[in-house]
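1. I would like to see how this sequence folds:
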Amino acid sequence: VNIVATLADSSGVIEDWVPHQWFRRCTLDFTVATHFGKDYNLQNTLDMRRDKEREIAHKAVQGWMDAIDYVFKHTYLAPIMQDRYPFKFNRSVAEFYSCKKAVVQYSEKIINERMAELKAGATPKTNVLDKLLDMHKGDLTWNLVTFILAGSASASATMEWFVYLMCANKDIQSAARA
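-> Below is the predicted model of the structure:
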């Protein structure tokens with residue numbers, strides 16, 4: 001509720017709120033926190049901590065999710081849809097490969113930073129990254145990318161359906177408030 005209030009203007013009206021995007025930011029925030037141990041507070045646009053880094057993370061994942069929608073809609077082309085001619089000219093395919101590269105680079109950066117911290121004597125944390133650091137680096141990177149993308153997409157869809165069904169069923173709302 002406090003986060004939604006930050007989206008309001010001075011009169012208390014929220015004009016530009018897209019629940020789908022906001023839920024995706026929320027779920028991405030807690031999946032990044034539990035998997036990488038990074039707290040970006042993505043859903044609060046007024047929080048300026050690590051502003052540049054969190055926008056890079058959000059844009060990479062958001063771009064990936066938008067581009068993957070295109071790929072799923074054109075599944076019959078997926079086996080041949082490569083990052084080369086003629087598909088390079090398709091904006092959605094080019095964005096998919098660009099975001100894929102950004103997500104992998106971002107994940108590798110976080111993995112390298114954490115490995116350096118642990119070598120310097122940092123205490124292991126209870127996040128997924130620290131538990132999987134013994135894996136081969138390529139496997140570790142793709143496991144974390146998969147966890148984050150799958151986790152943020154499915155959790156946000158679940159939250160959206162929950163809110164929709166609560167709004168559509170007044171009797172259930174009443175029972176929940178009782």
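
2. For stretch 155-170, output the C-alpha coordinates as PDB.
-> Provided in PDB are the C-alpha atoms of stretch 155-170 (Å, rounded to 0.1, in the frame of the first residue of the first chain):
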ATOM      1  CA  ALA A 155       4.500 -15.300  -9.500                       C
ATOM      2  CA  SER A 156       3.400 -12.100 -11.100                       C
ATOM      3  CA  ALA A 157       0.700 -14.000 -13.100                       C
ATOM      4  CA  THR A 158      -0.500 -15.600  -9.900                       C
ATOM      5  CA  MET A 159      -0.800 -12.300  -8.200                       C
ATOM      6  CA  GLU A 160      -2.600 -10.800 -11.100                       C
ATOM      7  CA  TRP A 161      -5.200 -13.600 -11.200                       C
ATOM      8  CA  PHE A 162      -5.600 -13.300  -7.400                       C
ATOM      9  CA  VAL A 163      -6.300  -9.600  -7.600                       C
ATOM     10  CA  TYR A 164      -8.700 -10.100 -10.500                       C
ATOM     11  CA  LEU A 165     -10.600 -12.900  -8.800                       C
ATOM     12  CA  MET A 166     -10.900 -10.900  -5.600                       C
ATOM     13  CA  CYS A 167     -12.300  -7.900  -7.500                       C
ATOM     14  CA  ALA A 168     -14.700 -10.100  -9.400                       C
ATOM     15  CA  ASN A 169     -16.100 -11.900  -6.300                       C
ATOM     16  CA  LYS A 170     -17.500  -9.500  -3.800                       C
END
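
3. pLDDT averaged over that stretch - what is it?
-> Regarding stretch 155-170, the rounded mean pLDDT is 83.

4. Which residues outside that stretch are in contact with it?
-> For stretch 155-170, the surrounding residues in contact (C-beta atoms under 8 Å, 6 or more residues apart in numbering) are 19-20, 23-24, 26-28, 30-31, 172-173, 176. From N, CA and C alone the C-beta is placed, and that goes for glycine too.

5. Buried ones only from those residues, please, as a ChimeraX command.
-> Buried residues within the contacts of stretch 155-170, by 16 or more other C-beta atoms under 10 Å, are selected in ChimeraX with:
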select :23,24,26,27,28,31
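
6. With distance to S11 and secondary structure as added columns, please give the contacts of stretch 155-170 in JSON lines.
-> Output for the contacts of stretch 155-170, formatted as JSON lines (distance: C-beta to C-beta, whole Å; DSSP: H, G, I helix; E, B strand; the rest coil):
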{"residue": "P19", "distance to S11": "21", "secondary structure": "helix"}
{"residue": "H20", "distance to S11": "25", "secondary structure": "helix"}
{"residue": "F23", "distance to S11": "25", "secondary structure": "helix"}
{"residue": "R24", "distance to S11": "27", "secondary structure": "helix"}
{"residue": "C26", "distance to S11": "25", "secondary structure": "helix"}
{"residue": "T27", "distance to S11": "30", "secondary structure": "helix"}
{"residue": "L28", "distance to S11": "30", "secondary structure": "helix"}
{"residue": "F30", "distance to S11": "31", "secondary structure": "helix"}
{"residue": "T31", "distance to S11": "34", "secondary structure": "helix"}
{"residue": "I172", "distance to S11": "31", "secondary structure": "helix"}
{"residue": "Q173", "distance to S11": "26", "secondary structure": "helix"}
{"residue": "A176", "distance to S11": "29", "secondary structure": "helix"}
